[in-house]
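A.B. asks: Turn this into a structure:
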Amino acid sequence: MTRAIGFIGAGQLGEPMVARLLGAGHSVLAYSRREEVRARLAASGARLAGSVAELASQSDILLSCLFSDLQLRETGWGPDGFIANAKSGSVFVSHTT
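C.D. replies: Next up is the predicted model:
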């Protein structure tokens, strides 16, 4: 069974992780706030989500590589966060530094 992989936090550490997933043949849906990162992700073959909520609602496995616990809370909590919008049965993996 193919699982939908979502990725949030594709910065200095996360972007190479997305590249490895894509290189291994996985389809990756990614979210980034920075337009230059979004452009690089799209050019490398990742699909782009318009929001954290969209990303979470379409991901079976959601990976995050955020800078801090504060960023993790900001993207996770609230009605637009990944917690409220996660698919039932999905898996969340935090690589927060």
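A.B. asks: Report all helices and strands that the helix or strand bottoming out on mean pLDDT in the chain contacts.
C.D. replies: Within the chain, no helix or strand scores below helix 69-76, which has a mean of 91 by mean pLDDT, DSSP states H and E. On a contact count with 3 or more Cβ pairs under 8 Å, 6 or more residues apart in numbering; DSSP states H and E, helix 69-76 meets helix 82-85. Where you see a C-beta, it was placed from the backbone N, CA and C, and this is true even at glycine.
A.B. asks: what sits against Ile8?
C.D. replies: Listed by Cβ atoms under 8 Å, 6 or more residues apart in numbering, the contact set of Ile8 reads 14, 30-32, 52, 55, 62-66, 75, 82.
A.B. asks: count of residues packed around the nearest residue to Glu74 once chain neighbours are set aside?
C.D. replies: Spatial nearest neighbour of Glu74, excluding adjacent residues (Cβ to Cβ, 6 or more residues apart in numbering): Gly81 at 7.9 Å. Gly81 has 18 neighbours, counted by other Cβ atoms under 10 Å.
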